[in-house]
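In: give me the fold of what follows.
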Amino acid sequence: MQVTAMDIYRLLPQTNCEDCEEAACGEASCMAFATKLSEKEAQLELCTELSPEGLNKLESLLAPAVREITIGTGDKTITIGGDEVLYRYELTYYNPTSLVIDIADNLDDDEFTERVKTIEETEFERIGEMLTLDAVALRNASGNSDKFAEAASKLKKAKLPLVLCSFDPEAMKAALEKVGDERPLIYGVTEGNLEEMSALALEYSCPVTIFSPNDLEKMKQISRTLRERGIEDIVLDPGTYVEDGIGDSLDNFVMIRRLAVEEQDEDFRFPILGIPALTWLYEKDEIQGGIREATIAATLMNKYADMLIFHGTNIWELIPVLTLRQGIYTDPRKPQAVDAGLYEFGEVDKDSPVLMTTNFALTFYTVEGDIKGKTNAYLLVLDTEGRAVDVSLAGGQLNAEAVADLIKETGIEEKVDTRKLIIPGLAAPVSGEIEDESGWEVLVGPRDSSAVPGFIDELKEKA
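Out: Numbering: from 1, shown residues only. Here you go, the predicted structure:
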């Protein structure tokens, strides 16, 4: 159940700051602070008037249904979990699914170094955001404790946090002796190694993963045992079944998240791990394997996976998964937007053309990509509350008065001698109104911004 501002307000001191000389919340009233807390825009510790009892009650109330787990230390950290709702439209999802690439401990030095480099350097930009990978999962493929420890030691220089993958407590201990101070995720705890692995988790203060394939009752028992021993940072892996379809995996993922959110079952209020990399046990063809791995990853991400371990590193495989993650982990209540105003591309002067678009992020960055380096132009970006051209036209945000105000506010009239404005093709219905309101000549440009450079060249030829 989602916590409301009123739920929070009832537990605040309700002094409205007038009696709180040392208050540091910065809000005019306790209700305003409660609203900020409900929106995750303030920290509870800012209220200096809370009693220890009140603080504990509010911490419990504000704790997300799924516990947040931090892996790594310092600059090498990721946070997973923290979800409060089953469906994104109810609120939003906060901590993006961590995408992790595996690496075997039995690779030769050159292969090992090259794979780490590939993992660290994989990135591409979309809608103004640099999309990257999040962690490295070291597999004890050799079955040798010394090799596992040696490989773990090499990864101390890596830029990303670690997941240590071995069911052998001796191998895990050897690796933790090298990198335990970096707070890696221990993978994994089973019924058979529970005693040894839980002891290591406590000794090194590391989060642990429970591996209980297709047995949620057993997972519940292990989870409870770990919590009774003082281990609270837990990740759940109910198994990723890829050979005959992932139906069982999906059922388990959904059941775990429902138990956490709807039932508030303390044994399941933890992040979920999926391993699409298991695809490669059954698929040897690189292209088919990559496609299948990406498809499984996308499916699990849509069904509550908080961390996914991959094997493939081809960018064509990772791009769709990274892009999907970017789309899922935005606030559905707030369209992605850029700052409105005037932008310059290339070497502009008083004769440069003036274009216009909206501040919907996907629209802006698409236009930017289509004109940057291809033409010299000014770009007026209208504040349409993050809506695209056609949507803002229908909703009234893109209107003649707003465009005329934008022209005045940006000072574009002082920068160019011409009084011609090129608007998107989809905005054609208001072209005449913009002319009347602004006094500028309005030219209806292409519907697709990829044609803008050619459109500008044609105008120059006609001039």
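In: phi first, then psi, for the residue lying closest to Pro213 once chain neighbours are set aside.
Out: Nearest residue to Pro213 in three dimensions, chain neighbours excluded: Gly239, at 3.3 Å (CB to CB, 6 or more residues apart in numbering). From N, CA and C alone the C-beta is placed, and that goes for glycine too. Note on Gly239: its backbone torsions stand at phi 100, psi 140 [degrees, to the nearest 10].
In: run a quick neighbour tally on Gly239.
Out: Using other CB atoms under 10 Å, Gly239 has 19 neighbouring residues.
In: make sure Val442 is indeed in a helix.
Out: No: the assignment for Val442, made by DSSP: H, G, I helix; E, B strand; the rest coil, is strand rather than a helix.
In: in this structure it contacts Ile423, no?
Out: Yes: using CB atoms under 8 Å, Val442 is in contact with Ile423, at 5.9 Å.
In: mutual contacts of those two, please.
Out: Between them, Val442 and Ile423 share these contacting residues under CB atoms under 8 Å, 6 or more residues apart in numbering: Ser431, Ile434.
In: I'd like the distance between the closest residue to Ile407 other than its chain neighbours and Gly230.
Out: In this structure, Ile407 finds its nearest non-sequential neighbour in Ser438, 5.5 Å apart by CB to CB, 6+ apart. Plainly put, Ser438 is 68 Å away from Gly230 if you go by CB to CB, to the nearest Å.
In: check contacts around Tyr304.
Out: Asp83, Phe253, Val254, Ile256, Arg257, Ile272.
In: now do Ile291 against Tyr93, distance only.
Out: Remark: distance between Ile291 and Tyr93 (CB to CB) = 25 Å.
In: looking at those two, which is more packed in?
Out: More crowded of Ile291 and Tyr93, by other CB under 10 Å: Tyr93, with 20 against 17.
In: who's in contact with the closest residue in space to that one that isn't next to it in sequence?
Out: Leaving aside its chain neighbours, Tyr93 sits nearest to Tyr329 (5.3 Å; criterion: CB to CB, 6+ apart). Residues in contact with Tyr329 (CB under 8 Å, 6+ apart) are Thr92, Tyr93, Tyr94, Asn95, Pro96, Thr97.
In: name the member of those residues with the most neighbours.
Out: Most neighbours among the contacts of Tyr329, by other CB under 10 Å: Thr97, with 26 neighbours.
In: what is the neighbour count of the closest residue to that residue other than its chain neighbours?
Out: Distance criterion CB to CB, 6+ apart; nearest residue to Thr97, sequence neighbours excluded, is Met301 at 5.1 Å. Counted with other CB under 10 Å, the neighbours of Met301 add up to 22.
In: Met301 contacts Thr323, correct?
Out: No: under the criterion of CB under 8 Å, Met301 is not in contact with Thr323, lying 11.1 Å apart.
In: did I read that right, Asp370 in a strand?
Out: No: remark: Asp370 does not belong to a strand; assigned using three-state DSSP, it is helix.
In: contacting residues for the residue nearest to it when sequence neighbours are not counted?
Out: Leaving aside its chain neighbours, Asp370 sits nearest to Ser449 (4.3 Å; criterion: CB to CB, 6+ apart). Neighbouring residues of Ser449 by CB under 8 Å, 6+ apart: Thr357, Thr366, Val367, Asp370, Ile371, Pro424.
In: will you turn those into JSON lines that also has distance to Pro184, neighbour count and pLDDT?
Out: JSON lines is the format used below for the contacts of Ser449 (distance: CB to CB, whole Å; neighbours: other CB atoms under 10 Å; pLDDT from 0 to 100):
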{"residue": "Thr357", "distance to Pro184": "46", "neighbour count": "27", "pLDDT": "96"}
{"residue": "Thr366", "distance to Pro184": "40", "neighbour count": "17", "pLDDT": "92"}
{"residue": "Val367", "distance to Pro184": "43", "neighbour count": "23", "pLDDT": "94"}
{"residue": "Asp370", "distance to Pro184": "43", "neighbour count": "17", "pLDDT": "93"}
{"residue": "Ile371", "distance to Pro184": "45", "neighbour count": "22", "pLDDT": "94"}
{"residue": "Pro424", "distance to Pro184": "50", "neighbour count": "24", "pLDDT": "96"}
